[in-house]
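1. Quick check, what structure comes out for this input:
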Amino acid sequence: MKRIMICTLIGATGFVLSACNDSDNDTPEVNQVPGFILGDIQHKQYDGITDDLLTAGLGATGLSGAAPTFADTLNPTAAELRRLAIYNNYRALVDTSVGGGYGEFFGPGVGSVTGPEGLVPGHEYLAFMTVSGSDVPVTVMAQIPDSFDTQNPCMITAPSSGSRGIYGAIGTAGEWGLKKGCAVVYTDKGSGTGAYNMETSTAQRIDGTLTTADETVQFRADLTDAERSDFNAAWPDRFAWKHAHSKANPEADWGRHVLQSVEFGFWALNEQFGSDDNVDAITPENTLVIASSVSNGGGSSVRAAEQDTNGLIDGVAVSEPNVNPVVDTGFTIRQGAGAAITEHSRSLLEYTTALAVYQGCANNAPAIRDLAPLNVLNAQEVRENICNSLANKGLVTGADNDERATDALRILNEDFGIQPEQNLLAPVHFASNVAQSISMTYANAYGRAGVEDRVCGLSMAATDVAGAVTPLAEAAEAAAFATSNGIPPTAGVSIVYDTAEGQPTALAASASPSSSSVDYGLDALLCLHSLALGYDVVTGNPLSGDDAALANAIAGGIEEVRATGNLRGKPAVFVTGRADAVLPINHTSRPYYALNQRVEGAASELRYYEVLNAHHLDVLNQFPGVGDRYIPLHHYYFQALDLVWERLANGATLPPSQVVRAVPRGDLSTPLAQSNLPGIADEPADEDRISLVDDELRIPE
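-> Alright, predicted model coming up:
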């Protein structure tokens, strides 16, 4: 199914394949490059010795060791950037520490056919694409291992988690699929790194190298030269970031991005193995396709399955998916004998801005203050300042700081339906700016705001130790493709509160104008929360003017990303940790499962496995206080893929939805053992089963 003619240009980055027509033959191409591809397609082959698809030549040992470096820190090569990007993206999602399961239950060498280092030889195709109605470049990639069997073709989708770049799912769906001998198709979902220097107009090419030339890049701010000049005069040394500032609400198209990546994967497979006479073509009809990935990537694959009207996807296996299900008030959620939860299915921006506003104070609650691991990262003075500012605005009550912090924690757990199981992990997430960065990025994205809008007085720039804006170091900018997670603070760039008292200051060190107190720029966070809820959270009054218009735009953007719950009868597995402190389960996996049961009824093949003592970011398990309390959810994600594979390939039955009672190891010096990680039961005990009964989703304790 190869094209009739291939134009091949050999360049520094490898082979560049361009769609060409044979001027002497008007016969249409058999394996046409999909029409959504933008520009050239890069093709590289990796030998599995000096370099490879999965580990960039580092192997299992290298991924757990020190970070690779650049020969010239100011001018890294595309290959060096790729290697560091794979290293950082793998380690961002997988705990590679000794005893945490790496090298025993998961890792490149576990189950590898190529040896203990797990290097995977094969081909990599890389391109930009667009979706209908948008001109924003989206990165797409197909990896085809040499172990791919054309007689038993398979494909796994690997959209990036979070806002990461094209290698953002390399250690999750990428690892499982490549070791299985499947083609793996990736997309950065229109987020990716996409850092753009407003001062110098420097942008990132598809391979992460920098350019100021007029060429297709990951992202440039949509401003004229004059507008950019005016912006720089007022706000020097700022950056724009693709996910926040592309004015595209990329999440609305995440499902389409995944479906297009599958189409691109079939093109790449037939480019690799097809014939001119179209014999033995690799097609969706003869290929097993599993939509997969974790977090945002998992949510993207779920949306792709919902939107799959052409039969591209056979099954779904995702971990901790970021799904915003359609709000269905016809069911409630009850855990054990607890109170029924009616206010489920809140949007990501609602609960995340609530965490951004209240968590800093809640960290001081006596119930968690001394127990929460790494809570020392949150300065005691700032915690107290946040509580005082919230109290002065009437948002928390209490006679002293302990009572105010306790009330803040109550608001999160009761008013916003965030599980108490997440309370011990939330402080380290707050210290890591998780909720704050998501709140800023998604408010901009949902509202399709540009960098020039500086929503809630916030911008992005490098800052010094005092929090003042400073130019980003050249070496940091040169490496950003490989070091950024796509959502500042990242790669040396901070969130800056431009209207902080005194001067523009890094958000974490900001004093709010309303309080003259270093309270983590609470005024800005309250502004974001108000935009998410659609009213002024301090006064309770409706928003007006530009704020009202932006809030309406944000509300519209949120509706665009709502998931329908209709998986079209595809076999599907969700695994989620009960202690997820990033994507609270009462607003994501739990209500999605219930919605699906109501939408698909008896035709549903979705199974939901809720894992005790598991959370969202396994990478934290390497730290004392975390790894001794929690197990790697990553292990159960691979089980989910195994189960869906067996269902599709061999007709096995998916186990019923259930709570999985994983057991923490209790001491980091004790390696994880199989006894810590009980399997998903084929026939769980009645007291472990999850079910929708009489419009109530019942979750065992």
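
2. Figure out the length between the terminal residues of stretch 598-615.
-> One end of stretch 598-615 to the other measures 27 Å (Cα to Cα, to the nearest Å).

3. Off-centre distance for that stretch?
-> Centroid separation for stretch 598-615 versus its chain: 20 Å, with Cα atoms, centre = their mean, to the nearest Å.

4. Can you list the low-confidence ranges for the stretch 501-650 of the chain?
-> For the stretch 501-650 of the chain, no stretch has pLDDT under 70.

5. Please, where are all the strands along it?
-> 505-506, 511-512, 517-518, 562-563, 572-577, 606-611 (DSSP state E, counting those that start in this stretch).

6. So which of these is nearest T96?
-> Nearest to T96, of all these, is strand 572-577, at 18.8 Å by Cβ to Cβ. In this view, the C-beta of every residue, glycine as well, is placed from N, C-alpha and C.

7. N385 belongs to a strand, doesn't it?
-> No. Using DSSP: H, G, I helix; E, B strand; the rest coil, the assignment for N385 is helix, not a strand.

8. mind checking pLDDT for it?
-> pLDDT for N385: 96.

9. For H529, see how far away it is.
-> Distance, N385 to H529, by Cβ to Cβ, to the nearest Å: 18 Å.

10. How about P571?
-> From P571 to H529 the distance is 39 Å (Cβ to Cβ).

11. If you count surrounding residues, which of these two has more?
-> H529 (27 against 23; other Cβ atoms under 10 Å).

12. separation between the more buried one and Q422?
-> 19 Å.

13. what's the answer for E560, then?
-> 27 Å.

14. what about those two, which has more around it?
-> The neighbour comparison of E560 against Q422 (other Cβ under 10 Å) goes to Q422, with 23 against 12.

15. Quick one: mean pLDDT over stretch 469-481.
-> 98.

16. Contacts for it, please.
-> Residues from elsewhere that reach stretch 469-481, judged by Cβ atoms under 8 Å, 6 or more residues apart in numbering: 70, 73-76, 81, 84-85, 165, 193, 195, 197, 199, 202, 204, 207-210, 236-239, 461-464, 483, 491-493, 496, 504.

17. Likewise for stretch 364-379?
-> With Cβ under 8 Å, 6+ apart as the criterion, stretch 364-379 contacts 360, 362-363, 380, 383-384, 387, 401-402, 404-406, 408-409, 423-428, 430-432, 623-626, 629.

18. List buried residues within those residues.
-> Taking 16 or more other Cβ atoms under 10 Å as the criterion, what is buried in the contacts of stretch 364-379 is 360, 362-363, 383-384, 387, 401, 404-406, 408-409, 423-428, 430-431, 625-626, 629.

19. How is this structure divided into domains?
-> 6-191+250-282, 348-560, 566-699 (automatic domain parsing).

20. Which of these sits closest to G311?
-> Across these (criterion: Cβ to Cβ), the nearest stretch is domain 566-699, sitting at 9.0 Å.

21. Just give me the residue right at the centre of this protein.
-> By Cα atoms, centre = their mean, the chain has its centre lying nearest to G162, at 1.7 Å.

22. tell me the contacts of that one?
-> Per Cβ under 8 Å, 6+ apart, neighbours of G162: G168, S191, S295, N296, N485, G486, I487.

23. Can you tell me which of those residues is nearest R303?
-> N296 (10.4 Å).

24. Give me the pLDDT for that closest one.
-> 98.

25. list the contacts for it?
-> P159, S160, S161, G162, S163, K189, S191, E251, W254, N322.

26. Same question for W241.
-> Taking Cβ under 8 Å, 6+ apart, one finds G194, A195, Y196, F219, T441, M460, G486, I487, P488, V493 in contact with W241.

27. Over to it: give its phi and psi.
-> phi -130, psi 140 (degrees, to the nearest 10).

28. how close does it get to N324?
-> Plainly put, W241 is 21 Å away from N324 if you go by Cβ to Cβ.

29. ranges for the helices of the stretch 351-500 of the chain?
-> 380-392, 401-410, 426-431, 434-447, 474-483 (DSSP state H, counting those that start in this stretch).

30. Show me what counts as buried in the last one.
-> Spelled out, that is helix 474-483. For helix 474-483, burial by neighbour count (16+ other Cβ under 10 Å) applies to E477, A478, A479, A480, F481, A482, T483.

31. nearest to A305, of the domains of the chain?
-> From the domains of the chain, taking Cβ to Cβ, the stretch that ends up closest is domain 566-699, at 5.2 Å.

32. and the end-to-end length of that closest one?
-> 21 Å.

33. likewise stretch 504-511?
-> OK, stretch 504-511 end separation, Cα to Cα: 10 Å.

34. and what of stretch 312-328?
-> 28 Å.

35. Flag every buried residue along that stretch.
-> Those would be 312-325, for stretch 312-328 by 16+ other Cβ under 10 Å.

36. got a list of what Y520 touches?
-> By Cβ under 8 Å, 6+ apart, the neighbours of Y520 are G360, V382, N385, I386, Q436, L507, A508, S510.

37. Kindly reformat the domains of the chain as a markdown table containing distance to E306.
-> Formatted as a markdown table, the domains of the chain follow (distance: least, Cβ to Cβ, whole Å):
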| stretch | distance to E306 |
| --- | --- |
| domain 6-191+250-282 | 7 |
| domain 348-560 | 13 |
| domain 566-699 | 6 |
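
38. weakest of those domains in terms of mean pLDDT?
-> domain 6-191+250-282 - the lowest mean pLDDT of those, at a mean of 89.

39. Out of the contacts of N296, give me the two with the largest separation.
-> Farthest pair in those, by Cβ to Cβ: S161 and E251, 13.3 Å.

40. From what I see, A572 and E600 are in contact.
-> No. Using Cβ atoms under 8 Å, A572 and E600 do not qualify as a contacting pair, with a distance of 10.1 Å.

41. pretty sure R562 is in contact with P325, am I right?
-> Yes. At 6.8 Å, R562 and P325 qualify as touching, with contact defined as Cβ under 8 Å.

42. and for these two, which residues touch both?
-> Common contact partners of R562 and P325 (Cβ under 8 Å, 6+ apart): none.

43. Checking the closest residue to S675 other than its chain neighbours next. Helix, strand or coil?
-> Closest residue to S675 apart from its sequence neighbours, by Cβ to Cβ, 6 or more residues apart in numbering: V663 at 6.7 Å. When classified by three-state DSSP, V663 comes out as coil.

44. what packs against the lengthiest strand in the chain?
-> Using DSSP state E to define each element, the chain has its longest strand at strand 37-46. Where contact means 3 or more Cβ pairs under 8 Å, 6 or more residues apart in numbering; DSSP states H and E, strand 37-46 is packed against strand 14-19, strand 122-129.

45. Recalculate using a threshold of 10 Å.
-> Packed against strand 37-46 by the contact rule (3 or more Cβ pairs under 10 Å, 6 or more residues apart in numbering; DSSP states H and E) you find strand 6-11, strand 14-19, helix 78-93, strand 122-129, strand 138-145, helix 254-273.

46. Rebuild those as a markdown table, extending it with mean neighbour count.
-> Shown next, in a markdown table, are these (neighbours: other Cβ atoms under 10 Å):
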| stretch | mean neighbour count |
| --- | --- |
| strand 6-11 | 11 |
| strand 14-19 | 17 |
| helix 78-93 | 22 |
| strand 122-129 | 23 |
| strand 138-145 | 27 |
| helix 254-273 | 24 |
